[in-house]
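K.L.:
Any chance you can model this:
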Amino acid sequence: MAAPSSEGDMLLPGQTIRNHWKIVGKIGGGGFGEIYEALDCLNNDDQVAVKVESSKATKQVLKMEVAVLRRLQGKRHACRFHGCGRNEKFNYLVMSLQGRNLADLRRESPRQCFSISTGIRVALQVLRAIEDIHSVGFLHRDIKPVNIFYYYIEIDPVACAMSLRACVHQGQPR
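P.N.:
Below is the predicted model of the structure:
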């Protein structure tokens with residue numbers, strides 16, 4: 001999953017953070033900082049994501065993300081929080097590694113779009129995730145397909161049909 005690291009990356013493959021998380025490689029980045037795939041050396045080498053931002057960044061975004069993720073623990077649609085910290089070079093957040101994002105899934109679908117039933121199921125899950133975020137007192141402010149990830153997909157066509165039928169019959173979403 002990790003892409004080759006390039007010059008200027010804050011972390012390098014093989015580097016460890018607090019003798020706990022070993023960096024595999026960079027998987028993303030942007031104006032906020034960088035995201036790396038890592039292994040949790042203390043927990044059977046479980047795969048995790050490490051999000052880092054420069055400790056010198058004028059806008060410290062990670063602190064708020066840590067607060068939100070901690071409040072979301074136990075919610076069905078939230079990443080699992082593994083840890084956080086800082087050193088002289090960067091601030092970091094460690095969370096469960098997610099699967100592919102919704103934009104990639106759509107691009108890989110036939111005709112690069114979802115079926116109506118898949119679109120409805122995805123929309124309902126996204127709405128439930130937004131509801132989880134609102135229930136702990138926060139707004140997302142950057143909802144878009146590249147920021148929506150899935151970890152596993154559990155499809156039961158009969159249950160989906162019954163669930164949709166129940167929603168239509170009752171006149172309200174569940």
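
K.L.:
what about the strands in the chain?
P.N.:
Under the criterion DSSP state E, the chain contains strands at 16-17, 21-30, 33-40, 46-54, 81-86, 90-96.

K.L.:
Can you verify my assumption that Ala49 contacts Gln98?
P.N.:
Yes. Assessed by Cβ atoms under 8 Å, Ala49 is found in contact with Gln98 at 6.9 Å. (Each C-beta comes from the backbone N, C-alpha and C, glycine too.)

K.L.:
quick one: the helices in the protein?
P.N.:
Assigned by DSSP state H, the helices in the chain fall at 62-72, 102-108, 116-135, 157-170.

K.L.:
so can I have CSV of those showing distance to Cys84?
P.N.:
Below are those laid out as CSV (distance: least, Cβ to Cβ, whole Å):
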stretch, distance to Cys84
helix 62-72, 5
helix 102-108, 26
helix 116-135, 19
helix 157-170, 37
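
K.L.:
follow-up on the earlier one: distance to Leu105 for the strands of the chain - can I get that in TSV?
P.N.:
Formatted as TSV, those follow (distance: least, Cβ to Cβ, whole Å):
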stretch	distance to Leu105
strand 16-17	30
strand 21-30	16
strand 33-40	18
strand 46-54	18
strand 81-86	25
strand 90-96	18
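
K.L.:
start to end distance for stretch 9-23?
P.N.:
12 Å (Cα to Cα, to the nearest Å).
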